[in-house]
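> everything below, folded, please.
(one chain, ligands or ions: 1)
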Amino acid sequence: MGFFSFVQEIAMDLGTANTIIISDDKIVVDEPSVVALDRHTDKMIAVGKQAKMMYEKTHDNIKTIRPLRDGVIADFSACEQMMRGLIKMVHSGSKLFSPSLRMVIGVPSGSTEVELRAVRDSAEHADGRDVYLIFEPMAAAIGIGIDVEAPQGNMIVDIGGGSTEIAVISLGGIVSNSSIRTAGDELTSDIQEHMARKHNVKVSERMAERIKIHVGSALTELGDEAPEDYTIHGPDRITALPLEVKVSYKEIAECIDKTIAKIENAVLTALENTPPELYADIVTNGIWLTGGGAMLLGLSKRLEDKFKIPFHIADDPLHSVAKGAGIALKNVDRFSFLMR
Ligand SMILES: Nc1ncnc2c1ncn2[C@@H]1O[C@H](COP(=O)(O)OP(=O)(O)OP(=O)(O)O)[C@@H](O)[C@H]1O
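Alright, predicted model coming up:
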C-alpha cells in the first residue's frame, strides 16, 4: 500500500481568521488559522483549534502565531507549518504515506506577485504538486452559485477577518476589485478598546470576538432581531478585581460604527468605479455579502438603506470561497482561465 503514489485533490481557503479545506465535496478541515510553536526550536506543537485554545494563554516556551494578517501571509515559515499541519488532518487516516496533492487555493485578489509566489511556495513545500491559485472573490462567486461566465455584472463584498474585498465580476473575469484592510478583526479590536474605555474591563481578543458574535450590530435599532444583552467577566483595569459587565447591542453598534462606515465607503468607491452597464446589472441583481463579517446583525439592512440596492447574504458566508475553490478544482479544465 505504501508503494502506491496517488494524487489527492483538495481546495483550500487560506484565510486570516479561518482555513478551510474541502476534499471530495466535503469540508474536511475548518480550523482557525493559528499555530503554536516551540519558542526555542520552532517545532510545531499544535495547529488550528488546539492552537487557538492556547492563544493568549501561553508561557515562555510556547508562542502562538496567526501567520496571516490583513489577508496576506505575514509569517512565511509559520504559514507553511500551519498548512502542513492542516493538510495532515485531511489524510490522518493513512499514516503510511502522504499523497501528492493537486490543490486549488483561494488568495486575496489584491495579492502582489511576491505574495502569490509565497502562497505557492508554501503549498509546494507542503506536498502540493499541482498548485492552482484562484482569486477569492471569483471563488466566492462560484461558491454562491453565480454564473460567473455570463455577460452580467455581479458585485461581491467579502468581509473576512483581515480584509474586505470588493469585486465586480463579469464574463469570467474580475472587472474591478478593491480591498481594504478593515474587516472583522478591526471590529473586534474596536470592542476591546471600548470595553477598556467605557467599562474599565480588560477583555482578550477572543472575548471581544465573542461579544461581537453575540451582540455585534451595524444598527442601533434592530427591532425583532435584537439579541439579549451579553454578560462578560473580566478584571478591572485598575484594581484587577473581577468585574461583571452586561453589554448591549446598541453600545456595540455605536463603538463599531466608524469601522462599518469605512466598509460602506469602500463599497461606495467600488460602485463609483463600476462601468455604467455593469452598474445597472448590479442594481438589478443586488450585491452579495460573504465572509464571516456578512453575518453581523443589521449589516445588510444598513447597506440597503444607504445604497438603495438589495444586499443578499450568502447562504454559508464562512465557506463560500472554499466551496467555490472546490468547484473550480473539480472543473479545472473548464475554469482554467480563472486560475493561475
Ligand atoms: N456571527 C458573526 N458576526 C460577525 N462577525 C463574525 C461572525 N462569525 C464570524 N465573524 C467574523 O468573521 C471573520 C472571519 O471571517 P472569514 O473566515 O470569512 O475570514 P477569513 O477568510 O479567514 O479572512 P480574510 O478573508 O481576511 O483572509 C472574523 O473576524 C470573525 O470574528
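> up against the ligand, what does the protein have?
In this structure, the chain approaches the ligand at residues 13, 15-18, 71, 160-163, 183-185, 188, 209, 212-213, 216, 291-293, 295-296, 318, judged by CB under 6 Å from any ligand atom. No exception for glycine: its C-beta is placed from N, CA and C like everyone else's.
> the residues you listed in strands, which ones?
D13, N18 (DSSP state E).
> any idea how many residues pack against N265?
Residue crowding around N265 was assessed by other CB atoms under 10 Å; the count is 12.
> quick one, what contacts it?
When contacts are counted by CB atoms under 8 Å, 6 or more residues apart in numbering, N265 is found next to no other residue.
> in a helix, that's where it is, yeah?
Yes: under DSSP: H, G, I helix; E, B strand; the rest coil, N265 falls within a helix.
> what distance do you get for it to the ligand?
Between N265 and the ligand the computed distance is 18 Å (CB to the nearest ligand atom, to the nearest Å).
> now swap in A36 and tell me
Summarising the geometry, the distance separating A36 from the ligand, computed by CB to the nearest ligand atom, is 18 Å.
> could you give the bridge partners of that residue?
Per DSSP bridges, residues listed as beta-bridge partners of A36: A46, T64.
> check what pLDDT it gets.
Model confidence at A36, given as pLDDT, is 95.
> which residue ranges of the stretch 51-200 of the chain form helices?
Counting by DSSP state H, counting those that start in this stretch, residue ranges of the helices within the stretch 51-200 of the chain are 76-90, 113-125, 136-144, 184-199.
> which of the ones you listed sits most buried?
Ranked by mean neighbour count, these are led by helix 136-144 with a mean of 29 (mean count of other CB atoms under 10 Å).
> give me the distance from that one to the chain's centre.
In terms of CA atoms, centre = their mean, to the nearest Å, the centre of helix 136-144 is set 13 Å apart from its chain centre.
> which strands or helices does it pack on?
Here helix 136-144 is seen to pack against strand 100-107, strand 154-159, strand 164-170, strand 173-180, strand 287-290, helix 320-330 when contacts are counted using 3 or more CB pairs under 8 Å, 6 or more residues apart in numbering; DSSP states H and E.
> between these, which one is closest to V28.
Relative to V28, the nearest member of the helices and strands packed on helix 136-144 by CB to CB is helix 320-330, separated by 10.2 Å.
> and that closest one, what does it pack against?
Under the contact definition 3+ CB pairs under 8 Å, 6+ apart, helix 320-330 sits against strand 7-14, strand 18-23, strand 100-107, strand 128-135, helix 136-144.
> need the ones you listed in TSV with mean pLDDT, can you?
Putting these into TSV (pLDDT from 0 to 100) gives the following:
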stretch	mean pLDDT
strand 7-14	92
strand 18-23	96
strand 100-107	92
strand 128-135	93
helix 136-144	96
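> for N177, give its distance to A150.
The span separating N177 from A150 equals 18 Å under the rule CB to CB, to the nearest Å.
> the two: which is more packed in?
Between N177 and A150, counted using other CB under 10 Å, the more crowded position is N177 (20 against 13).
> these two touch, right, the more buried one and D158?
No: using CB atoms under 8 Å, N177 is not in contact with D158; the gap is 10.1 Å.
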